[in-house]
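Engineer: 3D, please:
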Amino acid sequence: MEVIVYGALSTLWWMSSLSILLPFMLLLKFNKRFRDKWFSWVFMNCLKPFFNPKLTPLRRHAFDILKQHLSDRKKNVPLEILEIGIGGGANLQFYPENSNLTALDMNENFESYFNENQKQYPQITYKKTVTAMAENMDEIEDASMDVVVCTFVLCSVQNVQAVLNQVRRVLKPGGKFLFLEHVAYPQTQWSFTIQRFVAPLWHLYFDGCFPDRDLAAEIKKNGFSDVVCESKFPNSLLLFIRPQIVGIATK
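Structural biologist: Numbering: from 1, shown residues only. Below is the predicted model of the structure:
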């Protein structure tokens, strides 16, 4: 029944986008500056209030996994963390004590939200923000990070393997890549068909996001020495983005 409802809603979304919403859709497609401003505004003012309470348990679980993998860490030694696609800083509340943060985001419209948010977390020493695509973060030195954090970002990058190669490059030997992402359903399920059906619209309205990527497979084949990956299906989330993976990969 749920798949039928979502199928009907998806069809309505397509019909609206090709008729009354067509001018808006064309503006999103051909004007990147407008698209970036639209997404940062809708994310912070609409998506964040709606989804953050539902995603907070997953974020907390991700950082609990990180804590377990850093159990032998010396607390007096700062932890060098790079967060890719940091947005407004939704993960900052979960950061370990004595963290040195380098932020990276390609959308500079998030910077004012992040700057205001990061003041609330004195356990974090903020170093700098790099405005760049994750595929091309050459400003970050090789083997300079203890941890790279990436939540709900790989769904939107242009080249997943290129990003993961960059992650391994900047991590120190034994460094940790902490990830939390929404992913595709198994291809045998009708829910995957719904994801594929809405994917072009989802990609356009939500700043390049793909709801139907198999990101677990992408991470596992990249060359990390070890990958721990859990699958979650929170019923509180929309069917389009319900399948989630959370885990940690070691360089």
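Engineer: tally of neighbours for residue 138?
Structural biologist: 11 (other C-beta atoms under 10 Å). Yep, even glycine has a C-beta here, placed from its N, CA and C like the rest.
Engineer: which one is it nearest to, not counting chain neighbours?
Structural biologist: Nearest non-adjacent residue to residue 138, counting by C-beta to C-beta, 6 or more residues apart in numbering: residue 132, 7.9 Å away.
Engineer: Could you do residue 96 as well?
Structural biologist: In space, residue 96 is closest to residue 79, 5.7 Å off (C-beta to C-beta, 6+ apart).
Engineer: which residues touch that neighbour?
Structural biologist: Contacts for residue 79 were tallied using C-beta atoms under 8 Å, 6 or more residues apart in numbering; they are 70, 73, 96, 98-100, 146-147.
Engineer: Give me the subset of the residues you listed lying in helices.
Structural biologist: If you go by DSSP state H, these have nothing in helices.
Engineer: residues of stretch 112-128 that come out buried?
Structural biologist: Burial within stretch 112-128, assessed by neighbour count using 16 or more other C-beta atoms under 10 Å, is assigned to 113-114, 117-118, 121, 124, 126.
Engineer: Farthest-apart pair in these, please.
Structural biologist: Maximum pairwise distance in the buried residues of stretch 112-128, criterion C-beta to C-beta, is 15.8 Å, between 113 and 124.
Engineer: Break down the stretch 51-200 of the chain into its helices, ranges please.
Structural biologist: Remark: helices assigned in the stretch 51-200 of the chain by DSSP state H, counting those that start in this stretch are 111-118, 160-170, 190-205.
Engineer: The first one packs against which elements?
Structural biologist: With contacts defined as 3 or more C-beta pairs under 8 Å, 6 or more residues apart in numbering; DSSP states H and E, helix 111-118 has these neighbours: strand 124-130.
Engineer: for the strand it packs on, packing partners?
Structural biologist: If contacts are counted by 3+ C-beta pairs under 8 Å, 6+ apart, strand 124-130 sits against strand 99-104, helix 111-118.
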